[in-house]
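Enquirer: model the following, please.
(chains A, B and C)
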Amino acid sequence: MKKRIFALVDCNNFYVSCERLFNPKLAHRPVVVLSNNDGCIIARSNEAKALGINMGTPYFKAKNFLHRHRVKVFSSNYPLYGDLSRRVMTTLQQLEPEMEIYSIDEAFLRLPPDSGMNLNILGRQIRTTLKQHTGIPVSIGLGSTKTLAKIANRFAKKFPEYNGLLDLTAVDPDPFLNRCEINDVWGIGRGHAERLRARGVHTALDLTRRDDGWIRKQLTVTGLRTAMELRGISCISLEKEGKKKSISSSKSFGYQVETLNELREALATYITQAAVKLRLQQSTTGCLQVYLTTNRFSKTQTLYATRETINLAEPTANTGTLIKHGLERLQKIYRPGLRYQKCGVVLTNLVPAKSRQLNLFFKPDKRQSELMAAVDRINTRWGRHTIQHAAAGFTKPWQHRQEKKSPAYTTQWQDLPMVKASWPDSLLPDTFR
DNA sequence: TCTGGGGTCCTAGGACCC
DNA sequence: TCTGGGGTCCTAGGACCC
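Expert: Okay, here's the model as predicted:
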């Protein structure tokens, strides 16, 4: 069997790199990007990391520190990051069609094993092309399994001597596994890492040397797969199929919401968003879950968190139908007198729109799907809130504001960056003189 | 005052069936 | 006195990921 080679291409400090792309003054300055609601720090430039700012720190706790160190702070600007991610992925796919988009800023590639091409040169080409075409810097790790490619990528990113690229298929990986802390292994989270350390497993290499039965007992089959992957036996394949198996939409409120009316508007809004994503991947949903929760950090109010699952008689992607079912159930779980922090929706049991199982008594209404298609077309063309169900509300005061958001440089005409150029007369073509 | 959002996969345990 | 056992399906919850 031919040796497999996986590459993990990961954008460096992706959200920060996106902000810097249109704001070159940010280069070499510490920069952080906040989560939705300006809640937590979710991206940091190298300079911010060097200041000791941790991933996931609540913004309100770090605010003074950031100000003191003149750290530039941004709310997250998902239209911008999403658009730049699409550009990166499109460019990458042109270079290497065997690709899996793993997250907004990461992709796995499967490289042809016998291409005769020097992998180092190929990797450098990918980095250079991405930088030229999109302006986004990336790091690349190569390994005989996805888990090893992940580890290679960590080293490539962290240590400047690798210059953004490490190929673990060309060397003995053991010394690297020995330098890799167990909690830095892909698939080993905090809980498992603690458990393993208590039993003498401190590095990735330690894990590879344990007995299969023991690993399975401690970490279940997922952990065993990870261990096999670290030993160079590929167990996790490239997933090219991009369709989601579940779709969710939720957001924390801008303030503590108490009335059923506000909750209804918010839930209808999230159902609308989820339904758009559903139709975008040409699926229908057979199951709708709605949930509702009070503030989980509150010290004065007991936590109320509940959800309702609705199995639909026949799968649908119709926003109106989904809103109707969702609001009915919301009524059931609403408790007056509580202050709610968040609600949301999860769509599961997704089936392709073309092959859904119809109910014996169900007459497919072609006009309904045509209506949805028309609404989607209009909202794509004119902006996503141009047409909506009245149930989703109009002013939406419960929505959260994002106070430090950069412009939508690439997705809004009015936000396009302006380039000012001045040329000495001698360089201008005759027609401009 | 202020702590994100969107995913995947696995397992235990209950319901149900024969 | 004394009431089975094994299989399958579903779901909630947990762990992990970015």
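Enquirer: what parts of the stretch 151-300 of chain A come near DNA strand C?
Expert: A:185-193 (C-beta under 7 Å from any atom of the strand). From N, CA and C alone the C-beta is placed, and that goes for glycine too.
Enquirer: narrow the residues you listed to those in helices?
Expert: Counted as lying in helices by DSSP state H, out of these, are A:190-193.
Enquirer: any of these buried? List them.
Expert: A:192-193 (16 or more other C-beta atoms under 10 Å).
Enquirer: can you list the ones in helices among the residues of the stretch 151-300 of chain A next to DNA strand C in a markdown table and add pLDDT and distance to DNA strand B?
Expert: Formatted as a markdown table, those follow (pLDDT from 0 to 100; distance: C-beta to the nearest atom of the strand, whole Å):
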| residue | pLDDT | distance to DNA strand B |
| --- | --- | --- |
| A:Arg190 | 94 | 13 |
| A:Gly191 | 94 | 13 |
| A:His192 | 96 | 12 |
| A:Ala193 | 96 | 16 |
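Enquirer: other residues contacting the helix or strand of chain A with the lowest mean pLDDT?
Expert: When each helix and strand of chain A is scored by mean pLDDT, DSSP states H and E, strand A:305-316 comes last, with a mean of 88. Strand A:305-316 has contacts (C-beta atoms under 8 Å, 6 or more residues apart in numbering) with A:284-294, A:296, A:321-322, A:325-326, A:329-330, A:332-333, A:349, A:351, A:356-359, A:362.
Enquirer: and A:Thr269, which helix or strand is it part of?
Expert: helix A:260-280 (DSSP states H and E).
Enquirer: by contact count, what packs against the helix or strand where A:Phe176 lies?
Expert: A:Phe176 is located in helix A:174-179, with elements delineated by DSSP H and E. Under the contact criterion of 3 or more C-beta pairs under 8 Å, 6 or more residues apart in numbering; DSSP states H and E, helix A:174-179 touches helix A:146-158, helix A:204-208.
Enquirer: out of the ones you listed, which is closest to A:Ser422?
Expert: Relative to A:Ser422, the nearest member of those by C-beta to C-beta is helix A:146-158, separated by 38.3 Å.
Enquirer: counting by contacts, list what the closest one packs against.
Expert: strand A:5-11, strand A:138-143, strand A:165-167, helix A:174-179, helix A:212-230.
Enquirer: parallel or antiparallel, which strands does the third one pair with?
Expert: In other words, strand A:165-167. strand A:138-143 (parallel) (DSSP bridges).
Enquirer: contact partners of the partner strand?
Expert: With C-beta under 8 Å, 6+ apart as the criterion, strand A:138-143 contacts A:5-12, A:88, A:111, A:119, A:123, A:126-127, A:130-131, A:148-157, A:164-170, A:173.
Enquirer: mean confidence for that strand?
Expert: Averaging pLDDT along strand A:138-143 gives 98.
Enquirer: is DNA strand C within reach of that strand?
Expert: No - Strand A:138-143 does not reach DNA strand C (C-beta under 7 Å from any atom of the strand); its nearest approach is 11.4 Å.
Enquirer: for that strand, buried residues please.
Expert: A:138-143.
Enquirer: can I get that strand in CSV? Just the C-alpha atoms.
Expert: Output of strand A:138-143 as CSV, limited to C-alpha atoms (Å, rounded to 0.1, in the frame of the first residue of the first chain):
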residue,chain,number,x,y,z
VAL,A,138,-0.3,30.2,6.6
SER,A,139,1.6,27.5,8.3
ILE,A,140,1.8,24.0,6.8
GLY,A,141,2.4,20.6,8.6
LEU,A,142,2.9,17.3,6.7
GLY,A,143,2.5,13.9,8.2
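Enquirer: please state the offset of that strand from the chain centre?
Expert: 19 Å (C-alpha atoms, centre = their mean, to the nearest Å).
Enquirer: next one: stretch A:224-243
Expert: Here the centre of stretch A:224-243 is set off from its chain's centre by 20 Å, with C-alpha atoms, centre = their mean.
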